[in-house]
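K.L.:
Just to be clear, the model below is a prediction. Sequence and coordinates:
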Amino acid sequence: MTMRNATLRQLKVFETVARHLSFSRAAEELHLTQPAVSTQVRQLEDHAGLPLFEQLGKKIYLTPAGSEMLHYSRAIIQQFHEVDEAMGQLKGISGGKLNVAVISAGDYFFPRVLAEFTRRYPGVQLNLSVHNREQLLQQLATNQTDLAVMVRPPQGTDAVNAAFAPHPYVIVSAPSHPLAHRRGIPLEALASEAFVVRERGSDTWNSMEEAFAGKLANLKIAMEIKSTETIKQAVIAGMGIAFLSAHTISLERQVGHLTVLDVEGFPVMLNWYVVHRKNKRLPPVALAFERFLMEDGAQLIENITRVSESSFHR
């Protein structure tokens, strides 16, 4: 057998396994079973005539042949992606495919933003993915998305970013918390409180570090959790207070399950950014969506979440 018999599907599956160095995580991303992923990789190895992975203990690593295969696989996948983009250029906006990725805080409103965009541009195909910060940056770096929506755009010259909407962060507690009805709480008063926090490196964690500006170096962390939903439930249960995006708690505020604490210096106002790679040739549908966010994104998000800077004034 030779590489002439290899398929694009096999190359895509291999690239995903190589990127994660995990068959199970690749299977999850590709929505395949792990045996199906293993079969595709094994068939590609048969075509190559060489092993592409080796296992040492519980971890897998690329072999020299695997590293070489990864280089060419990504080049081939990119060429197919460029062909797809070129066809999309001919289709224009309607009928084009919008690839957009958003950090997890955007999960609470972004589908409705996309719904409004597709209402204005019928026929647009959507590919939305939701990630933490590390995964989102990887999506950009490996050209798996046209646009990324996030709080802290990557530094450096390889990305172009633009702020399109304010993004307030607040401190929340259960309504029964002793601080829930206090006014003008000094930031230092939170030093003795237990915090339920997002994982280190996440946009929320980095925003919290900036907001506290070193004033809470000895922050009492009760739990570190990757899920905003789980954090909210822990706070509702009285397990601590939390620093969260105001856009993620609008429903809990409306039904009275969470209270925004009146902490001095809060809300912390950051921004939502739309980001793409500098040398990325954006298809018409992505350019239209970027323009849509810049012109109408802020008002749409405020309407959806019912959150504005004035909504925290007592």
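P.N.:
Sure thing, it's come through.
K.L.:
Can you give the distance from the longest strand along the chain to the centre of its chain?
P.N.:
Counting by DSSP state E, the longest strand found in the chain is strand 159-173. Relative to its chain's centre, strand 159-173 lies at 13 Å (C-alpha atoms, centre = their mean, to the nearest Å).
K.L.:
ok, now stretch 204-218?
P.N.:
21 Å.
K.L.:
so how far is R152 from S129?
P.N.:
18 Å (C-beta to C-beta, to the nearest Å). (Glycine included, C-beta is placed from N, CA and C.)
K.L.:
Could you do E193 as well?
P.N.:
Taking C-beta to C-beta, one finds E193 at 25 Å from R152.
K.L.:
Doesn't M269 lie inside a strand?
P.N.:
Yes: assignment of M269 by DSSP: H, G, I helix; E, B strand; the rest coil places it within a strand.
K.L.:
Give me the more crowded residue out of S129 and R152.
P.N.:
R152 (18 against 15; other C-beta atoms under 10 Å).
K.L.:
can you give me the strands in this protein?
P.N.:
Using DSSP E, strands in the chain cover 53-56, 59-62, 97-103, 125-131, 147-150, 159-173, 194-198, 220-225, 242-245, 259-260, 268-277.
K.L.:
Which secondary structure element of this structure has the lowest mean pLDDT?
P.N.:
Sorting the helices and strands of the chain by mean pLDDT, DSSP states H and E puts helix 64-91 at the bottom, at a mean of 82.
K.L.:
Tell me which other helices or strands that one touches.
P.N.:
helix 8-20, helix 34-48, helix 284-292 (3 or more C-beta pairs under 8 Å, 6 or more residues apart in numbering; DSSP states H and E).
K.L.:
A237 is nearest to which of those helices?
P.N.:
helix 8-20 (33.5 Å; C-beta to C-beta).
K.L.:
what mean pLDDT does the closest one have?
P.N.:
The average pLDDT within helix 8-20 is 94.
K.L.:
Stretch 275-292 now?
P.N.:
Stretch 275-292 comes out at a mean pLDDT of 90.
K.L.:
ok, now stretch 101-113?
P.N.:
Taken as a whole, stretch 101-113 has a mean pLDDT of 91.
K.L.:
List the contacts of that stretch.
P.N.:
128-133, 136, 139-140, 144-145, 147-151, 167, 203-204, 228, 245, 247-248, 250, 272, 293, 297, 300-301, 304-305 (C-beta atoms under 8 Å, 6 or more residues apart in numbering).
K.L.:
Drop anything exposed from those residues.
P.N.:
128, 130-133, 136, 139-140, 144-145, 147-151, 167, 203-204, 228, 245, 247-248, 250, 272, 293, 297, 300-301, 304-305 (16 or more other C-beta atoms under 10 Å).
K.L.:
Can you give me the buried ones in stretch 284-304?
P.N.:
284-286, 288-290, 292-293, 296-298, 300-302, 304.
K.L.:
do the same with stretch 227-247
P.N.:
Those would be 228, 231-232, 234-236, 239-247, for stretch 227-247 by 16+ other C-beta under 10 Å.
K.L.:
so which pair among these is furthest apart in space?
P.N.:
The widest separation within those (C-beta to C-beta) is 22.2 Å, between M239 and H247.
K.L.:
where in the chain is pLDDT low?
P.N.:
Scanning the chain for pLDDT under 70 picks out the ranges 1, 85-95, 157, 216, 309-314.
K.L.:
and it, what are its domains?
P.N.:
3-86, 88-165+271-312, 167-270 (automatic domain parsing).
K.L.:
Return the distance of the last one from the chain's centre.
P.N.:
Remark: domain 167-270 is offset 20 Å from the chain centroid, using C-alpha atoms, centre = their mean.
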